[in-house]
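Visitor: One predicted model, sequence on top.
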Amino acid sequence: MHWYLAVLKKYAVFSGRARRSEYWWFAVFNVIAIAVLALVGGVLGALIAGKEIAGDIATVLYGIYVIAVLLPSLAVSVRRLHDTGRSAWWLLLSFVPFANIVLLIFYCLDSQPGANAYGPNPKETAVA
């Protein structure tokens with residue numbers, strides 16, 4: 001939960017660097033939150049108005065959540081790319097079919113050692 005809140009505290013901070021753990025724990029929590037929202041929306045819809053509206057309630061809850069975490073998701077993705085020494089322009093690969101694999105590899109790479117153009121290494125500053 002700490003990593004998720006840390007990303008939300010930096011709601012629209014696109015500068016600096018983000019460690020792998022910060023990025024991946026935020027991603028894992030997002031998957032869990034979406035699953036819980038789908039479950040709650042389905043149960044509420046089934047209890048309130050039957051099965052035909054259950055999907056609609058789940059979709060509305062999902063839409064509200066996605067809009068709420070859109071900026072933090074983009075920001076942590078940019079900071080993660082910065083941590084590997086890459087520009088935020090690499091996010092444009094998201095619009096190219098199958099190029100997300102390249103972004104996935106970048107997100108899995110270790111931090112660039114030492115300071116880079118985007119700031120000091122968060123691993124080294126956390127230890128010191």
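Guide: Happy to help now that I have it. Bear in mind the structure is a predicted one, so any value in this text is a computation, not a measurement. Numbering: from 1, shown residues only.
Visitor: Count the neighbours of residue 111 for me.
Guide: The tally of other residues near residue 111 (other CB atoms under 10 Å) stands at 19. The way it works is simple: take the backbone N, C-alpha and C, and place the C-beta from them, glycine included.
Visitor: wait, what's in contact with the residue nearest to it when sequence neighbours are not counted?
Guide: Once flanking residues are discounted, residue 111 sits nearest to residue 83: 5.0 Å by CB to CB, 6 or more residues apart in numbering. The contact partners of residue 83, by CB atoms under 8 Å, 6 or more residues apart in numbering, come to 17, 18, 19, 20, 111, 112, 118, 121, 122.
Visitor: Surely the second one is within a strand?
Guide: No: per DSSP: H, G, I helix; E, B strand; the rest coil, residue 18 lies outside any strand segment and is coil.
Visitor: ok, the contacts of residue 83 vs residue 76, which is closest?
Guide: Nearest to residue 76 among those, counting by CB to CB, is residue 18 at 5.3 Å.
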